[in-house]
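Visitor: got a predicted structure plus its sequence, pasted below:
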Amino acid sequence: MAEAIDIAKQIEDNEYRWYVLSVNSGQEQLVVDNLQERVSKQQMETEIIDYLNPVVNEVYYKKWEKIIKHTKLYPWYVFVRCKMNEKIWYIIRNTPWVRLIVWAEIKPIPLTDKEYDEMVAYIEEKNARAEFAVPFQEWDVVILRDWDFNGMKWVITEIDPMKWMVYANVEILWRNTPVMVSFDKVERSA
């Protein structure tokens, strides 16, 4: 009995820290929803305060339409910020689709502040880069979908990702003329 009390004291941590949960593939958001429901029913909103399931919005164009695809940055993982005690550990471990708390054989080990800061910086970097995802490369053959050149094929000579513009030389009256067009007005040729 004394050993069980010692283990409970080892688990006890009254500071809010981030813990990593390994979950079943594709069930990350369901785990977050399920945990929130369980915490609400147990009236433990002050014990488990935050959940993180990082998703990056990837932007690309398909047939003149801007398409945003949500991509999980850490598939199979959910991050939970909470205090830790035996009751919280029990709730987390027994939530459907949670396989385990990462690094928790005897005592759950939280992320360090440095690890958390690095993860947040990585998420922000991926989101910033996703906003400027360029759907084309130089020398790609594309088809213009606007103006009098509709349906013409031409080769991209330069890309300006900050302005979402491509540059190409279009043959007008037997001369190459530089033309600047936004990403949504061209599509990759088959």
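Guide: Thanks, I have it.
Visitor: alpha carbons only for contacts and neighbour counts from here, please
Guide: Noted.
Visitor: just the terminal-to-terminal distance for stretch 106-122.
Guide: 30 Å (C-alpha to C-alpha, to the nearest Å).
Visitor: and it, how far out from the chain middle?
Guide: 17 Å (C-alpha atoms, centre = their mean, to the nearest Å).
Visitor: any chance of the backbone angles for Ile68?
Guide: Ile68 adopts backbone torsions of phi -110, psi 120, taken as degrees, to the nearest 10.
Visitor: is it bridged to anything, and to what?
Guide: Val59 (DSSP bridges).
Visitor: Gln29: neighbouring residues, count only.
Guide: If you count neighbours by other C-alpha atoms under 10 Å, Gln29 ends up with 16.
Visitor: dump the residue contacts of it.
Guide: Asn53 (C-alpha atoms under 8 Å, 6 or more residues apart in numbering).
Visitor: end-to-end on stretch 93-102?
Guide: End to end - C-alpha to C-alpha - stretch 93-102 spans 11 Å.
Visitor: name the residues of it that are buried.
Guide: 95, 97-102 (16 or more other C-alpha atoms under 10 Å).
Visitor: now secondary structure and distance to Ile159 too, for those, in a markdown table please.
Guide: Output for these, formatted as a markdown table (DSSP: H, G, I helix; E, B strand; the rest coil; distance: C-alpha to C-alpha, whole Å):
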| residue | secondary structure | distance to Ile159 |
| --- | --- | --- |
| Thr95 | coil | 48 |
| Trp97 | coil | 45 |
| Val98 | strand | 45 |
| Arg99 | strand | 46 |
| Leu100 | strand | 46 |
| Ile101 | strand | 45 |
| Val102 | coil | 43 |
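Visitor: so Val141 makes contact with Thr157?
Guide: No. The pair Val141 and Thr157 does not pass the contact test of C-alpha atoms under 8 Å, sitting 9.9 Å apart.
Visitor: which of these two has more neighbours?
Guide: Taking neighbours as other C-alpha under 10 Å, Val141 and Thr157 compare with Val141 leading, 19 against 16.
Visitor: pLDDT score for that one?
Guide: pLDDT, Val141: 85.
Visitor: now swap in Pro135 and tell me
Guide: According to the model, Pro135 carries a pLDDT of 73.
Visitor: what about it, neighbour count?
Guide: 15.
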